[in-house]
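Colleague: Okay, here's the prediction I keep looking at, along with the sequence it came from:
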Amino acid sequence: MNKTVVKALELLQLFTAYEQLTLQQMVQLTKLPKTSVYRMVQSLVASGFLKKDGEAYELGLSLLQFGCLVAERLDVRKVALPIMEQLREETNEAVNLVVKDGDEAIYVEKVETSEPVRVYTRVGRRAPLYAGACPRVLLSFMPSEEQKQYLDRVELIPIASKTIVDREKLKTVVNEAKRKGYTVSHSELADHSSAVAVPIFNHEGKVVAGLSVVGPESRFQPSYIEQLVPKLKHAAEQISKALGFIGGKDVEL
């Protein structure tokens, strides 16, 4: 690899944790010679990847343009499919991917299980955001004001024997899902079926999809769900990362 390019990328990587940095701070963080950092910074400023604000530097508009292009060209289905297949191999359960479309969730991708007893869900199926684990995880992690408006206006219609039609209970379940990072459903969209779902985030930290494993309710006992949740969360983290989501804590100088 070209060492100069690698070092320049390391400089840019610093700005994922810091909004602004002075030349001296960059030298301290990279432990590179000041003259080398200065030359690279000047080149990055000239190309629009960095801009100077007083004595400090921050990310430039060129990165914004590239970032927007990458985000626009990412297809969550394409990114998610190989990870969904891996999750199916780990769990031997069917795996579904949903996205929000208005007040509904639409199933956009699925990976089937080889289990003889299974729950069938077709790509293109729609479901209200309040019913079923995968649709409800989109509701649980949407912006609070948008969520409140939805919960106030939606008509809760039973779809299966355990569909949540009590508004206060739904609010409690939604809040619990936000706290725990996942949600569970039993016989909400189809009797005798269960699902566990987690959110997928994009580069802006916004929920863009829900990932779930589904199967017969008889198989999805509490102890089994406890085993599924870490695997689901790991898969969702991989997809989110591929979509540009950056987790972790901010670092202070």
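Modeller: Received, thanks. Numbers count the residues shown, from 1 in each chain.

Colleague: Show me where this protein has its strands.
Modeller: For the chain, strands defined by DSSP state E occupy the ranges 21-22, 50-53, 56-59, 94-101, 104-111, 126-128, 183-186, 193-201, 207-216.

Colleague: ends of stretch 84-101, how far apart?
Modeller: Taking CA to CA, to the nearest Å, the first and last residues of stretch 84-101 lie 21 Å apart.

Colleague: Give me the mean pLDDT for that stretch.
Modeller: For stretch 84-101, mean pLDDT rounds to 92.

Colleague: Also stretch 133-144?
Modeller: So the average pLDDT for stretch 133-144 ends up being 94.

Colleague: for the strands of the chain, which one ends up most surrounded?
Modeller: strand 193-201 (a mean of 26; mean count of other CB atoms under 10 Å). Where you see a C-beta, it was placed from the backbone N, CA and C, and this is true even at glycine.

Colleague: quick one: that strand to strand 207-216, angle?
Modeller: Counting by axes from the mean of the first three to the mean of the last three CA atoms, to 10 degrees, strand 193-201 points 160 degrees away from the direction of strand 207-216.

Colleague: Note down every partner strand of strand 193-201 and its orientation.
Modeller: Partners of strand 193-201 in the sheet, by DSSP bridges, are strand 183-186 (antiparallel), strand 207-216 (antiparallel).

Colleague: so that strand versus strand 94-101, what angle?
Modeller: 60 degrees.

Colleague: Distance from the chain centre to strand 193-201, please.
Modeller: Its chain's C-alpha centre lies 12 Å from the corresponding centre of strand 193-201 when counted by CA atoms, centre = their mean, to the nearest Å.

Colleague: Likewise for stretch 92-99?
Modeller: Averaging C-alpha positions (CA atoms, centre = their mean) puts stretch 92-99 15 Å from its chain's average.
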